[in-house]
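> Next come a sequence and a model predicted from it.
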Amino acid sequence: MLDIKFIRDNKELVKENCKNRNVNIDIDLLLNLDNERRAGLKEVETLRALRNNKSKGKPTEEEIAKLRQVGEEISGLEKKMEDIENKYRELLYKVPNLTHPETPMGGESDFKVIHTSASPKPFKFIPKNHEELMLNLDLIDFERGAKVAAAKFYFSKNNLVRLNQALLNYGIDMLTKNGYTLVETPDVAKNEILAGVGFNPRGEETQVYSLENTDLSLIGTAEITMGGYHAQEVLDLSKGPKKYVALSHCFRTEAGAYGKTNKGLYRVHQFTKLEMFIYCKPEDSEKMHLELLSMEKKIADGLKLPYRVIEVASGDLGGPAYRKYDIEAWMVMNAENDQQGGYGEITSTSNCTDYQSRRLNIKYRKENGETEFMHTLNGTAIVTSRFPLAIVENFQQKDGSVLVPKVLQKYTGFKKL
RNA sequence: GGAGAGGUCGCAUAGUGGCCUAGUGCGCACGCUUGGAAAGCGUGUAUACAGAAAUGUAUCGAGGGUUCGACUCCCUCCCUCUCCGCCA
């Protein structure tokens, strides 16, 4: 959420930003509602002041009659105000965050490649995709996943389970060594928290499973629970940013996602994720964003995965992000133009500036005693779907076996899948 | 799941319909006092919104209701504590 005062003072800039972000929203209508809202507020408050003043002592019969009238006026106005307030809030929530000046303009394909690791080693044989490899090695069962739950759910089996645990432990060790506090979060959250973090819990395009007869939903990422973690709090950041590494399951309906890259483990309804989350002062957020990216690179480098880093373009940022970097690993399954494969996203890190903290009311106390909204950032450390996917596809051998990355071997206890 | 007690300004507590624009104590800040300190004394000490400001309004777990008027009465829900039951 942007500050309404900022929108008032920078109308054209905000309009332009919405356009760049591919968000169709009527800013003029929002500002009109804002004016109506403020005018109405003044009116109600004046009436309430009258009532409060008159209500001090015991009023006479005559005065009571008048106060009754004032009361009716107030409740009438309040109803009108509620209506305006709802429309206003709904619109305000839809206004996307501002965009970093260096963010490339455009849509999904207009990203900028900002770093490429060592190129993938060309295979001396025709490589298989992970689905085929995993099925052959009895590491995964999609059919029974569909039987027991639904399509795009799965059973991980045998050493894939151990590989997943190894990946998580590798990530946990790496991040706790770098000052991140380890957390395991609930897998559900209140809808108001989802909305605060910037996820839409309802509606047709929702990506969220909601729990019947409750105001809870399954989380799509620990970003939700970790954003809610300090909601309504005033934090002390004098000793530096609060850095968390959070483990949770993630659930996504992936509504409307069929037809997109959809093979095997790439897009599934449930996975386990280790997510980094940082609360920091505004002046530190760009630095923290680079730190998150560097942690992600360190993790991928350690695994010896070939990858590139892209900066996501304005139209593909989503509501809360001010700037976003993705790491895309080389994947055989993306062999559309190249028989050897192509790049596919494995991690993503966003600087959400004060967009989430404003909604969730998370502040920090400055040295002069004042409070101010802080910045929040998030980034993927490990995902148990796309990471094993990339490992299996990149380190497959001619005989269909898979070499386990060296850094994971002390966790798995085996060298080959 | 059942029975009971509770949730008030950083902490602790007072407050059973108008004097609560929430009192008191502790803590904290500033000042006086002092050679310096402690004690003592005085002043101040929540957040949000509107407003240029004065100020106004809202908030006593959350949401509704009764009333001219709600911290106070009623309803629903959430959370904490004690006891009981059930259970991985």
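Okay, I see it.

> pLDDT weak spots in the stretch 251-400 of chain A?
For the stretch 251-400 of chain A, the stretches with pLDDT under 70 are A:255-262, A:335-341.

> got it, and the stretch 1-150 of chain A?
A:53-59.

> Just list whatever residues bridge to the residue in the stretch 251-400 of chain A positioned nearest to RNA strand B.
Using Cβ to the nearest atom of the strand, residue A:371 is the residue of the stretch 251-400 of chain A that sits closest to RNA strand B, at 5.6 Å. Yep, even glycine has a C-beta here, placed from its N, CA and C like the rest. Counting by DSSP bridges, residue A:371 is bridged to residue A:365.

> So it is in contact with residue A:234, correct?
Yes - Residue A:371 lies in contact with residue A:234 (Cβ atoms under 8 Å); the separation is 5.5 Å.

> how close does whatever residue of the stretch 101-250 of chain A ends up closest to RNA strand B get to residue A:111?
Closest residue of the stretch 101-250 of chain A to RNA strand B, Cβ to the nearest atom of the strand: residue A:234 (7.6 Å). The gap separating residue A:234 from residue A:111 is 37 Å, by Cβ to Cβ, to the nearest Å.

> before we move on, what about residue A:377?
19 Å.

> same question, residue A:235
On the measure of Cβ to Cβ, residue A:235 and residue A:111 end up 33 Å apart.

> Neighbour count for these two, which is higher?
residue A:111 (21 against 18; other Cβ atoms under 10 Å).

> Now the helix or strand encompassing residue A:167: buried residues?
Assigned by DSSP states H and E, residue A:167 belongs to helix A:159-177. Using 16 or more other Cβ atoms under 10 Å as the test for burial, helix A:159-177 gives A:159-160, A:162-164, A:166-172, A:174-175.

> show me what contacts the residue of the stretch 101-250 of chain A closest to RNA strand B?
A:363, A:364, A:365, A:371 (Cβ atoms under 8 Å, 6 or more residues apart in numbering).

> Which strand residues bridge it?
Counting by DSSP bridges, the residues bridging with residue A:234 are residue A:363.

> Please give the number of neighbouring residues around residue A:110.
Neighbours of residue A:110 using other Cβ under 10 Å come to 14.

> just checking, what's the longest helix in chain A?
Determined from DSSP state H, the single longest helix within chain A is helix A:61-94.

> Quick one: list the elements packing against it.
With contacts taken as 3 or more Cβ pairs under 8 Å, 6 or more residues apart in numbering; DSSP states H and E, helix A:61-94 sits against helix A:27-54.
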